[in-house]
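Q: no sequence on this one, just coordinates:
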């Protein structure tokens, strides 16, 4: 009972994180283009085994780590800079956080699961690591921490200590994190594909959010991106700047469904630059 079969999935994810911490800067500087860098990162990700089993904890907490190439695109959309304070509220094994380390940003990490929080402490010894329920991260996090960038891949439909499906789980995580984001900062979230400004069920929520923030980008991506991580569900990449919208009643239109990561990478190049503030 010293180890679990789930560790066989965690270990290659940690290996990828350590690899990017060591070689990420060289990959980005020597690849020439973002597409070339994505290709190199994808080749690393293709070496890991496919997740074919799910532990009780994985199901209860909906632990689906971000595939490394998708994490690269999400963090590029965030526009990380060396002087940023980056919060990842559901950091998992650090697949998103490792690109913040490559950018030499200051990291603030949180994960509710004890094992994953311990892994984060080992892999990112320079970063504070907390174990809060990220659906309430703004309420629990030290008030002095004001992140300028938030990257997140929250549970889509489960809540801590809640039985059954929680339809607004991702929205709770997103809005709590957004409340903590510093003015002028950027939040980039990976959610289920249905959490869209085009979805009538979420439109009013996005409109209320635009009193404080500007919805800069929204696009879904085909489910095969997550195939090696044990699912083929479509996901969505959403970018929000904490700058009041010029017209709060006008929401950005979703770009549709990107068939592959290369297309999504091309699409994020159209995201407006981050605010100088």
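A: Looks like it came in fine. Since the structure is predicted, the reported quantities are computational estimates derived from the model, not experimental observations.
Q: residue ranges of the strands in this structure, please?
A: 85-88, 106-110, 129-130, 149-152, 186-192, 214-221, 235-241, 257-258 (DSSP state E).
Q: Output the contacting helices and strands for the second one.
A: In terms of contacts (3 or more Cβ pairs under 8 Å, 6 or more residues apart in numbering; DSSP states H and E), strand 106-110 is packed against strand 85-88, helix 97-102, strand 129-130. C-betas here are computed from N, CA, C, even on glycine.
Q: 6 Å instead?
A: Taking 3 or more Cβ pairs under 6 Å, 6 or more residues apart in numbering; DSSP states H and E as the contact definition, the neighbouring helices and strands of strand 106-110 are strand 85-88, helix 97-102.
Q: what sits up against it?
A: For strand 106-110, the external contacting residues (Cβ atoms under 6 Å, 6 or more residues apart in numbering) are 85-89, 91, 97, 100, 120, 124, 127-130, 132, 134, 145.
Q: re earlier: tell me which of the helices and strands packed on strand 106-110 sits nearest to residue 251.
A: Residue 251 lies closest, by Cβ to Cβ, to one member of the helices and strands packed on strand 106-110: strand 85-88, at 24.8 Å.
Q: Just checking: what are the partner strands of that closest one?
A: In the sheet, strand 85-88 lines up against strand 106-110 (parallel), strand 149-152 (parallel) (DSSP bridges).
Q: can you list these in CSV and add mean pLDDT, mean neighbour count and distance to residue 197?
A: What follows is the strands paired with strand 85-88, written out as CSV (pLDDT from 0 to 100; neighbours: other Cβ atoms under 10 Å; distance: least, Cβ to Cβ, whole Å):
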stretch, mean pLDDT, mean neighbour count, distance to residue 197
strand 106-110, 97, 23, 27
strand 149-152, 97, 26, 18
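Q: so can I have CSV of those showing distance to residue 75?
A: Written out in CSV, the entries for the strands paired with strand 85-88 read as follows (distance: least, Cβ to Cβ, whole Å):
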stretch, distance to residue 75
strand 106-110, 12
strand 149-152, 6
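Q: Between the ones you listed, which one is closest to residue 34.
A: Ranking these by proximity to residue 34 (Cβ to Cβ) places strand 149-152 first, at 17.0 Å.
Q: What is the burial count for the spatially closest residue to residue 47 that is not a sequence neighbour?
A: The shortest distance from residue 47 to any residue that is not its chain neighbour, by Cβ to Cβ, 6 or more residues apart in numbering, is 7.7 Å, and that residue is residue 12. Neighbourhood size, residue 12 [other Cβ atoms under 10 Å]: 15.
Q: Surely residue 12 touches residue 46?
A: No: Residue 12 sits out of contact with residue 46 when judged by Cβ atoms under 6 Å, with a separation of 11.3 Å.
Q: ok so, going back, to residue 205, which of the strands of the chain lies closest?
A: strand 214-221 (10.7 Å).
Q: residues in contact with the residue nearest to residue 232 when sequence neighbours are not counted?
A: What sits nearest to residue 232 in space, not counting adjacent residues and going by Cβ to Cβ, 6+ apart, is residue 223, at 3.8 Å. Neighbour list for residue 223: 232-234 [criterion: Cβ under 6 Å, 6+ apart].
Q: same thing with residue 175?
A: If you count contacts by Cβ under 6 Å, 6+ apart, residue 175 has none.
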